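Asks: what follows is a predicted structure for the sequence shown.
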Amino acid sequence: MFELNVESNTPLTPLKDVDDIALQFLTHIGYLPKGYNPKTNVVDTQESVPYRLFMDCFMRNIKRAWQVEELAAYLGTTKPTIYRHLNKLKAIDILEEVEVERDGGTKRGYRIRYGDLRKAWSFTEANVEMAMENYRQTVDHLQKLIEESSR
């Protein structure tokens, strides 16, 4: 199921610090909740599992496909925690599942769709447009029914 927080915002283009941009962007789209407070002993959000998953694993290694076990080991957390955050990124539709060969076997891996955030984001935009069109049809239908019932 596609899920994204859409809010009025200003482009972050004047900013130059990648981490500042990423933190604000991830909060705007709802991946990191506003006022996010990591439940672990990390000092700030940049050290948290969801932030590091997105930035350290997926963005700074954008062509690499990661297995869940690798992500859990790299981030020092559990597989259920990894799956929880992967599901949030999958709901935004910027991750893709790919087959990964490791140690002679094939397993499922995850990476930014097409290895390019701009291309991945085009899927997100298409989902938003489709959702808005569906809302528009519902609003039109509701208004029509209300008008017909008040005649």
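Replies: Yes, it's here.
Asks: show me the contacts for the residue nearest to the spatial centre of the chain.
Replies: The central residue of the chain, meaning the one whose C-alpha is nearest the mean C-alpha position (Cα atoms, centre = their mean), is residue 89 at 3.0 Å. Neighbouring residues of residue 89 by Cβ atoms under 8 Å, 6 or more residues apart in numbering: 31, 53-54, 58, 95, 110. Using the backbone N, CA and C atoms, a C-beta is placed for each residue, glycine as well.
Asks: that one and residue 144: what is the separation?
Replies: Distance, residue 89 to residue 144, using Cβ to Cβ, to the nearest Å: 38 Å.
Asks: ditto for residue 103
Replies: Residue 103 is 60 Å from residue 144, by Cβ to Cβ.
Asks: now do the strands in the chain.
Replies: In the chain, the segments counted as strands under DSSP state E are 95-102, 105-112.
Asks: any idea which of those strands gets closest to residue 18?
Replies: strand 105-112 (14.9 Å; Cβ to Cβ).
Asks: mind listing what's buried in that closest one?
Replies: By neighbour count with 16 or more other Cβ atoms under 10 Å, strand 105-112 contains the buried residues 109-112.
Asks: what distance do you get for residue 9 to residue 140?
Replies: Residue 9 is 27 Å from residue 140, by Cβ to Cβ.
Asks: nope, residue 71 is what I was after
Replies: The value you get for residue 71 to residue 140, if Cβ to Cβ is used, is 44 Å.
Asks: ditto for residue 10
Replies: Residue 10 sits 31 Å away from residue 140 when distances are taken as Cβ to Cβ.
Asks: again, but for residue 68
Replies: Look at residue 68 and residue 140: by Cβ to Cβ, they are 43 Å apart.
Asks: got it, and residue 124?
Replies: Using Cβ to Cβ, which is the criterion applied here, residue 124 is 25 Å from residue 140.
Asks: neighbour-wise, which of these two wins?
Replies: Under the criterion of other Cβ atoms under 10 Å, the comparison of residue 124 against residue 140 puts residue 124 first, with 17 against 10.
Asks: list the contacts for the closest residue to the more buried one other than its chain neighbours?
Replies: Take residue 124 and drop its neighbours on the chain: the residue closest to it by Cβ to Cβ, 6 or more residues apart in numbering is residue 93, 5.3 Å away. With contacts taken as Cβ under 8 Å, 6+ apart, residue 93 has the following neighbours: 2, 113, 120, 123-124, 127.
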